[in-house]
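Novice: Predicted structure and sequence below. I'll ask about it afterward.
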Amino acid sequence: MSNEINETDIFSSNSSVLIRGTLLNGKRQDIFITEEGNIGEISESISGELKNEAEFIIDGSKTVASPGFVNTHTHAAMTLLRGYADDMHLQEWLSEKIWPLEAHLCGEDVYWGTKLACIEMIKSGTVAFNDMYFFMDEAAKAVDECGMKAVLSHGFIDFGSEEKRESEIKATEKLFSDVKKMNNQKIRAAVGPHAPYTVAPEGLSWCSEYAKENDSLLHIHLSETETEVKDCVNQHGMKPAKLLDKCGCLSENTVAAHCCWLDDEECALLGKRGVSVSHNPVSNMKLAVNRAMPYQQLIDAGANVTLGTDGCSSNNNLDILEEMKTAAILQKFFWNSDTLLPAHEAIKMTTESGAKALGFGTGKIETGAPADIVLLKTNISCMTPLYNPESNIVYACGSNAVDTVLCSGRVLMYDGNIPGEEEVYQKAAETAFNLVNRKENADN
Ligand SMILES: CSC[C@H]1O[C@@H](n2cnc3c(O)ncnc32)[C@H](O)[C@@H]1O
Ligand SMILES: [Zn+2]
């Protein structure tokens, strides 16, 4: 059988693939990927049986290979809200624009919004993400079709109401049951209490217990603004991280997004509990939260610091390359340190640390690991010259440098193409238009 590329077939799952001559850790390497989607061999030249076994051979000679990127905090279907409400104060943005529109969402909206999000994430080399939103059975269907890895949580908000809490508990339990039925190893359910200011301690305690019982992640927003920290102290007599700890919500299975306003004691607590923190610099700057996540304090305390984009209404895209650069330069600027968060650490937080946070392998390209690989073009301006690929990836490249993306061996994008993307753009645009119309009709 010929292993020449046929663009239609290469996207079919479970094919063995040989990547020829990509630049990996400074050396030209061949990478063989098994039918099971794992890295079978890495060496300077793979020939003989393995070469013949490969159903597809990808010419990597004009590429550099990176482990697939991981986005540890987003609300994928908010792609539909891109540009709907910008340049606003965070609490007004949420309560006057975003939540009133989200009240009209339906499952089909979340399906098309998530499909659009998956395409956008793959385009910048993302293979796995951590999502919190509504109608998550529809999000799961979209992720399954796109072939990415995801941890999905129903955004749990009770505003202190017992009745609301009961319905959020049911929605969470339903998501766990739906995901289990899918039997897709790349998709996991998680518990998603939105934030300490939208979920009462009773709700937080239920969430932590349920996550423990189901050995799942707990995904939450934490200390994004100074106001929410002050309100928490006034209402509960302690800062939000302490409150979460009291409710059992801080552990190695926790992903806490933002964490901009943590003090030193809270950083130490998160480190002690082994929490993963998701840094979301673009969203934080756009919503002017006025403090950058204390990166070095969290690292020194032993927390697992990772990277996320947040949703498309506060970012307004899901481009993880842009996020890496923003993280590296925001940390330097805010903390007045030109050596803080160097390029290799930005890559580490987006690969190894992200994979660790979500429980998706090592985030490294190594024999035996799942083949989560991004090939970036080297015959492009942002990669020229190429003294240090990590520097170019973080500081110079846009997503136009991303050529090919594999997730557990399945090719999600090849030569810049993702199958079916045009239909998704059209459907997502129609869906967004209908959502806003539905709201306006209901308002009038
Ligand atoms: C209950 S599902 C998730 C919920 O979070 C909202 N959201 C989006 N971005 C942010 C942010 O920066 N801070 C707080 N909440 C945010 C989203 O609109 C959903 O309602
Ligand atoms: Zn968020």
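Specialist: It's in. Ligands and ions are numbered 1, 2, ... in the order given.

Novice: CA atoms only: put stretch 116-132 into PDB for me.
Specialist: Extracted C-alpha coordinates of stretch 116-132, given in PDB (Å, rounded to 0.1, in the frame of the first residue of the first chain):
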ATOM      1  CA  LEU A 116     -16.300  26.700  16.300                       C
ATOM      2  CA  ALA A 117     -14.200  26.800  19.500                       C
ATOM      3  CA  CYS A 118     -12.600  23.500  18.700                       C
ATOM      4  CA  ILE A 119     -11.600  24.600  15.200                       C
ATOM      5  CA  GLU A 120     -10.100  27.800  16.600                       C
ATOM      6  CA  MET A 121      -8.200  26.000  19.300                       C
ATOM      7  CA  ILE A 122      -6.800  23.400  16.900                       C
ATOM      8  CA  LYS A 123      -5.700  26.200  14.500                       C
ATOM      9  CA  SER A 124      -3.300  27.500  17.200                       C
ATOM     10  CA  GLY A 125      -2.000  24.000  18.200                       C
ATOM     11  CA  THR A 126      -4.300  23.200  21.100                       C
ATOM     12  CA  VAL A 127      -5.100  19.500  21.600                       C
ATOM     13  CA  ALA A 128      -6.800  19.600  25.000                       C
ATOM     14  CA  PHE A 129      -9.000  22.000  27.000                       C
ATOM     15  CA  ASN A 130     -10.900  22.500  30.200                       C
ATOM     16  CA  ASP A 131     -14.400  23.800  29.600                       C
ATOM     17  CA  MET A 132     -17.100  25.100  31.900                       C
END
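
Novice: and it, does that touch ligand 1?
Specialist: Yes: using C-beta under 6 Å from any ligand atom, we find that stretch 116-132 touches ligand 1 at residue 132. Using the backbone N, CA and C atoms, a C-beta is placed for each residue, glycine as well.

Novice: change the start of the numbering to 25 and stick with it
Specialist: Got it, the first residue is 25 from now on, which makes the last one we talked about stretch 140-156.

Novice: pretty sure residue 339 is in contact with residue 309, am I right?
Specialist: No: assessed by C-beta atoms under 8 Å, residue 339 is found out of contact with residue 309, at 9.8 Å.

Novice: Mind checking which of those two has more residues around it?
Specialist: residue 339 (24 against 17; other C-beta atoms under 10 Å).

Novice: Read off the pLDDT value for residue 73.
Specialist: pLDDT, residue 73: 88.

Novice: which element is it on?
Specialist: Using DSSP states H and E, residue 73 sits within helix 72-77.

Novice: swap in residue 90?
Specialist: Applying DSSP H and E as the criterion places residue 90 in strand 87-91.

Novice: okay, that strand in CSV with CA atoms only?
Specialist: Only the C-alpha atoms of strand 87-91 are listed here, as CSV (Å, rounded to 0.1, in the frame of the first residue of the first chain):
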residue,chain,number,x,y,z
THR,A,87,8.7,22.0,10.6
VAL,A,88,9.6,22.1,14.3
ALA,A,89,7.7,19.8,16.6
SER,A,90,6.2,20.8,19.9
PRO,A,91,4.0,18.9,22.4
